[in-house]
Structure formats: C-alpha cells, structure tokens
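Trainee: Fold the following, please.
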Amino acid sequence: MKSPIDRRQFLRSLGASAGAAPFLTGLPGISSAADASAQKKRLIVFFSPNGTIPQEFWPEEKDGQMQFKRILKPLDPWKDRVTVMKGLSNRIGGDGDRHMRGMSCLLTGTELFPGNIQGGSDTPAGWASGISIDQELKNFFQSNKATQTRFGSLEFGVAVPDRADPWTRMCYAGPNQPVAPIDNPKTMMEKLYGKLEDKKSLVGIVDGVSSELKNISSRLGSEDRALLEKHLQLVQELGQELDRQDDGELAHPMPEVDPNVELVNENTPRISRIQIDLLVNSLANDMSRVATLQYMRSVGQARMNWLGIEEGHHGLSHEPDNNAEAVEKLTKINEWFCGELAYLVKRLAETPEPGADGTMLDNTTVIWLNELGKGNSHTLENIPFVLIGGEKSTGFKNGRVLHFPKETPHNRLWLSLAHSMGHGIESFGTEMFCRDGALDLA
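Mentor: Next comes the predicted model:
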C-alpha cells in the first residue's frame, strides 16, 4: 500500500476533482502519516425519547453475568461489548420543564437560559447555556491536524419534526447555538457528496465521477481500491433506493389532523436503516469521527403504526404502571429503538477498520440515551445509559452492569468520555457536578 502522505498533496497529485474528493479522502493510503500512526477514536450518540420501562430494561445479574430483558435483547450478540450504567442522573436544575432540561441539558450538562418557551408546569426557558459533549469532542479532534476530518461531526435524524425548540435539540455548538439534525436522507446525501446541481438523480453523484475514479483507482494500493469500490457501491445502492421513493415519502410529512399527534411516516423504519448506512459509510470514509443519531423528539407524539401502535408515544408514556396494555406498547416501542441500535452495532462490527486490524466497532464508542428515566414520573434520575464497543480504543471495560450511587451526576460520564478520547478537560458543563471527577469505567 502507498506510504501515507499529506491528503491534499496526494489528491492534487492524482488530479482529483472536488466531486471525487469525498470518495477518496478517508482511504488509508491518502491519510496523513500522523493520522495513520494513531488508533482512531470515534463517538456515536444514539437518542430515543420519553423514558424507558425500567422492569423491562435493567438487566438481571446471575453469576456475574448480565441477563438482558426484553428491551435490550436485540443487543445479545454483542453482550460482551455492552456496559449498562445504572444510577446516573441529570442533576441540572433551573428554568424549563423536565422534558426540556432532559433533552437540551442531556449532552450539555448545563442549565437552560431564561426564555419564553413555556412547557409543562415549570418556568419558561430558552436554549442551553453551553456546548454539548459531541461538539466539544468535535472541536478537540478538529484542533489537531492528525484527527481533522471534512465535517468534524454529522447530525443525523429520524422523524424529527420540522420545528426548533428545547424539546427537539440535544446538540449545541455553544451557548444559545442549537444544532439541527438532518432527517431527510436525500439532504444528507447532498451534504456528504455535494449538491446535485443539474443532475436528475442521486445516482448521478456516482455517475458524474465514475470515470475519474476508475482512472484514479488504478493508481491506488489494493486495500484502498477495495475500500473505494465498496464505498461507491453503497452510495450507488442508496441513491437508487432513494430515487425510487418520491420526496413526499422521505421528507417526514406533518399533516396533523390532531395538533397534539405527529403522524410519523410509514416509511420511517426504512429511512432509519438508510440513515444508519449513511452514518457508518461516512465514518468509514473518515468524513467525521463524531456523529449523533436522534429519533423523534422529547414529548413527541409519534404514532408507530408499523408496530401496530396507534396512540402517540408521549401520551402512552404518561399512562400509570398498572395499565398493562400501555406498558406492553411502550416496551415494543423501546424494543424497536434497540433493534435499530443493534443494526448500527452490526454494521460497525461487520465493517473492517480501514487501514488497521479489527472492525470499526473496536474503535467506536456508541452511547444510547434518553432524556428521562421513566416517562410517567418525568424523573431525571436513573436515566438509561448504554455504552457499546470502543473497549480497545477507550480502555473502558465492557460486558457488565455498573451501579453508581444514587443521583451520580451524568456530567461525570461526559468527563470520562472526553478523557477516553484524549481530551483531558477537568470539568464539563456545570462545574459543581464534576467535583468528584471522571467515572471509573476501566
């Protein structure tokens, strides 16, 4: 394989155009020498809303082994790569209801600004007053030439409504700077591979540079050639599938017959898989090392008809514990979210790490989280945090349930995550919640 040299210099020597560059920059042979000598570290944040069903979520422990219950069962094949953290709480107080603080303080670990957005029975509030951990790590990686990527971070969404408020935003570039997820795969394809301009289809993204890439491919090493072919194939397949579906099916329509119910697109399960495929492909090509995948929103009334559930998600989450029918439907909803997470983990586990041994899962930390511990009590205590993969690159020990003292601030988890990525900050978010330091996850 060609010795790694400066990416821009090598691309210029190949005569690569701007259209071809997105397919080439992540190839190991085109990476900088400094980058190639260090093990990659990546983060994916996976969000689902409205709390969990504790009795069907928290694993049992027998003879030192985790036994997954219904909600976590889809992760069984990767049990030894999973850490479930019990006892972590969002301790952030101040303005805003618990859904607002649960969502917009989840990744920022700091208070909401005063504002005029009224929720629940609590005081109105505005946006979060600090940066989110994903964007903090993005800035850290982008500050070092060896870990810089084209985008720094990518924010994917699935069925996120077209509105902006503290219930719909978890990523923040800084105080008062919410970052919106992209939930239309066509829009994400354009972001990753360039504007379509006068092309009539997404397939044209590949067609427009195919002859150029074929010529360049003959000058690459065998590993880079194979990775490029795989990348092109996936982009072309996704483009063909998206072209078969009209914009109305993909754009997540919101024809609200009842203003309190969001009619989630029946195509949402397929859109979810397309977004996951795009996410993994973009990280494999080193377009980013930080990504978020947000499903719907806090307080969202998504109706998941593909599960045979007609009621809105948030309304169901408010039902009492003795409503067995509601508990069963909420369990099915959370099983579906975990199934999508399992597909993401599978894709990472079956994708070889470009330019290194092992798979992408070895070098990626995936965190599944929720804005609430339990929907009908609106508790910010004992929030379900699930950490997957990354053991080789982070030093975290997986395959266990970690029990932390009651009300352990979740800020300390973000501190641990930053340290595992090489970012030695002393606190994150509200400083008082980091006084006991990073959590010991080794």
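
Trainee: from what I can see Leu417 touches Leu43, true?
Mentor: Yes - counting by C-beta atoms under 8 Å, Leu43 is a contact partner of Leu417 at 7.1 Å. C-betas here are computed from N, CA, C, even on glycine.

Trainee: Find the residues that touch each one of the two.
Mentor: With contacts defined as C-beta atoms under 8 Å, 6 or more residues apart in numbering, the residues adjacent to both Leu417 and Leu43 are 137, 365, 367.

Trainee: and of the residues you listed, the nearest to Ile274?
Mentor: Using C-beta to C-beta, Ile367 is the member of these that sits closest to Ile274, with 21.9 Å.

Trainee: Regarding that closest one, which helix or strand does it belong to?
Mentor: For Ile367, the host element (DSSP states H and E) is strand 364-369.

Trainee: got the contact list for that strand?
Mentor: If you take C-beta under 8 Å, 6+ apart as the criterion, strand 364-369 is touched by 41-48, 106, 283, 337-338, 341, 344-345, 348, 383-390, 393-394, 396, 417, 420.

Trainee: Adding distance to Asp357 and pLDDT, write the shared contacts of Leu417 and Leu43 out as CSV.
Mentor: As requested, the shared contacts of Leu417 and Leu43 are exported to CSV (distance: C-beta to C-beta, whole Å; pLDDT from 0 to 100):
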residue, distance to Asp357, pLDDT
Leu137, 24, 98
Thr365, 18, 97
Ile367, 24, 98
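
Trainee: Relative to Glu310, which of those residues is nearest.
Mentor: Among these, Ile367 lies closest to Glu310 (C-beta to C-beta), at 31.1 Å.

Trainee: Could you check the pLDDT of Glu262?
Mentor: Listed pLDDT for Glu262 reads 61.

Trainee: Counting by contacts, list what the longest strand along the chain packs against.
Mentor: When the chain is parsed with DSSP state E, its longest strand is strand 400-409. Where contact means 3 or more C-beta pairs under 8 Å, 6 or more residues apart in numbering; DSSP states H and E, strand 400-409 is packed against strand 82-89.

Trainee: Centre of the chain to the very next helix or strand once past the strand it packs on, how far?
Mentor: Helices and strands here follow DSSP H and E; after strand 82-89, the next one along the chain is helix 98-104. Relative to its chain's centre, helix 98-104 lies at 18 Å (C-alpha atoms, centre = their mean, to the nearest Å).

Trainee: which residues touch helix 98-104?
Mentor: Residues from elsewhere that reach helix 98-104 (C-beta under 8 Å, 6+ apart): 49, 90, 92-94, 96, 112, 117, 119-120, 122, 125, 127-128, 166-170, 172, 178, 297-299, 370-372, 378-380, 383.

Trainee: Just the closest of the shared contacts of Leu417 and Leu43 to Glu325, please.
Mentor: Ile367 (31.2 Å).

Trainee: Quick check: Val264 vs Met304, distance?
Mentor: 6 Å (C-beta to C-beta, to the nearest Å).

Trainee: Thr149 now?
Mentor: Distance, Thr149 to Met304, by C-beta to C-beta: 34 Å.

Trainee: still on that earlier bit, can you list the strands that the longest strand of the chain pairs with?
Mentor: Applying DSSP bridges, strand 400-409 is found paired with strand 82-89 (parallel).

Trainee: could you dump the strand it pairs with to PDB, C-alpha only?
Mentor: Taking Å, rounded to 0.1, in the frame of the first residue of the first chain, the C-alpha atoms of strand 82-89 are listed here in PDB:
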ATOM      1  CA  VAL A  82     -22.100  -3.600  26.300                       C
ATOM      2  CA  THR A  83     -22.000  -1.700  29.500                       C
ATOM      3  CA  VAL A  84     -25.200  -0.700  31.200                       C
ATOM      4  CA  MET A  85     -24.900   2.200  33.700                       C
ATOM      5  CA  LYS A  86     -27.400   2.500  36.500                       C
ATOM      6  CA  GLY A  87     -27.700   5.400  38.900                       C
ATOM      7  CA  LEU A  88     -26.700   8.200  36.600                       C
ATOM      8  CA  SER A  89     -28.900  11.300  36.900                       C
END
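
Trainee: elements contacting the helix or strand encompassing Asn281?
Mentor: In this assignment (DSSP H and E), Asn281 forms part of helix 268-284. For helix 268-284, the elements it packs on are strand 42-47, strand 152-158, helix 185-193, helix 222-243, strand 288-295, helix 324-349, judged by 3+ C-beta pairs under 8 Å, 6+ apart.

Trainee: Generate a markdown table for those, with mean neighbour count and mean pLDDT as supplementary columns.
Mentor: What follows is the helices and strands packed on helix 268-284, written out as a markdown table (neighbours: other C-beta atoms under 10 Å; pLDDT from 0 to 100):
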| stretch | mean neighbour count | mean pLDDT |
| --- | --- | --- |
| strand 42-47 | 25 | 98 |
| strand 152-158 | 24 | 97 |
| helix 185-193 | 19 | 88 |
| helix 222-243 | 17 | 82 |
| strand 288-295 | 25 | 98 |
| helix 324-349 | 20 | 98 |
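
Trainee: Specify the stretch among these that is closest to His410.
Mentor: Nearest of these (C-beta to C-beta): strand 42-47, 12.7 Å.

Trainee: So which bits of the helix or strand that the closest one is followed by are buried?
Mentor: Sequence-wise, the next helix or strand downstream of strand 42-47 (DSSP H and E) is helix 54-57. Buried residues in helix 54-57, defined by neighbour count with 16 or more other C-beta atoms under 10 Å: 54, 56-57.

Trainee: Fine, thanks again, bye for now.
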